[in-house]
Structure formats: structure tokens, C-alpha cells
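Engineer: Here is the input, now give the coordinates:
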Amino acid sequence: MYAIIADGGRQYRVEEGQELDVDYREAATGQEIEFDRVLAVSSDQGLQLGQPTLEGAKVTAQVLGVEQGEKIYVQKFRRRKNYRRRTGHRQMYTRVRISRIATA
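Structural biologist: Got it, this is the predicted structure:
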């Protein structure tokens, strides 16, 4: 059984027990969060598609903690002007484990 959810402008294909990184949100470790924008659910009864979302369907996840992504470097450069800037950035993510996929 799997579901396709939308969160933070992206879509994720999730299954129960799967761990994934979503956009950072202030949630304590061990807290449960719900994703209610469920686009599709595939189960033994077949595939259910929403238009655009499924009414009454929810995906529940447990927060495992906060993580940082890989460091990316941003460089600015103007030729012949003696202008060089290099900065780094690490995006914050919230790691969650999918605990339950519920349909209406």
C-alpha cells in the first residue's frame, strides 16, 4: 500500500515505515504530524485518484528529528572588477517516518 502526498510544493510517494525528509517545521521529536493533501492511494482494492485530492484521506507521520542537507556553495563573480564572493548554505529538513495511511 502506498500513497502520493503533496507537501511544500513537492509530491512524495510514501509507504508505511518509510523515512523521508520534508521541509523544516517546528515540531518536537516524537510528535505526530498529518499530511492531508493526499493525491492518490493504492491499496488491495485498487488505485484511488483524487481530483485533485482525496476527501478524508490522511497520512500520519512521526517526527524523528531535524537534519541538515548537503552544503551548497553560491559564488558571485564579476570579471575584471576584483569582485568575488563565496557563501555556503545548508537547508534544514525535518525527518519523518510514515506510520499510517488512512483512506475515507
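Engineer: Pick out the residue closest to the middle of the chain.
Structural biologist: The centroid of the chain falls nearest to Val22 when counting by Cα atoms, centre = their mean (2.7 Å).
Engineer: Pull out the buried positions in the helix or strand hosting that residue.
Structural biologist: Counting by DSSP states H and E, the element that carries Val22 is strand 19-23. Neighbour counts over strand 19-23 (16 or more other Cβ atoms under 10 Å) mark Leu20, Asp21, Val22 as buried. Glycine gets a C-beta too; all of them are placed from N, C-alpha and C.
Engineer: try stretch 47-61
Structural biologist: Neighbour-count burial for stretch 47-61 [16+ other Cβ under 10 Å]: Gln48, Leu54, Ala57, Lys58, Val59, Ala61.
Engineer: quick one: Glu70 and Gly88 touch, right?
Structural biologist: No. Using Cβ atoms under 8 Å, Glu70 makes no contact with Gly88, being 10.3 Å away.
Engineer: what sits against the residue of the chain positioned farthest from its centre?
Structural biologist: Distance from the centre of the chain peaks at Arg80, with 42.7 Å (Cα atoms, centre = their mean). Arg80 makes no contacts at all, as judged by Cβ atoms under 8 Å, 6 or more residues apart in numbering.
Engineer: Reduced to three states, what does it come out as?
Structural biologist: coil (DSSP: H, G, I helix; E, B strand; the rest coil).
Engineer: mind checking the backbone torsions on it?
Structural biologist: Here is the backbone geometry of Arg80 (degrees, to the nearest 10): phi 60, psi 10.
Engineer: how far away is it from Arg86?
Structural biologist: In this view, Arg80 and Arg86 are 18 Å apart by Cβ to Cβ, to the nearest Å.
Engineer: Over to Ser99?
Structural biologist: Ser99 is 42 Å from Arg86, by Cβ to Cβ.
Engineer: Over to Met92?
Structural biologist: Taking Cβ to Cβ, one finds Met92 at 21 Å from Arg86.
Engineer: what does Leu49 give?
Structural biologist: Between Leu49 and Arg86 the computed distance is 46 Å (Cβ to Cβ).
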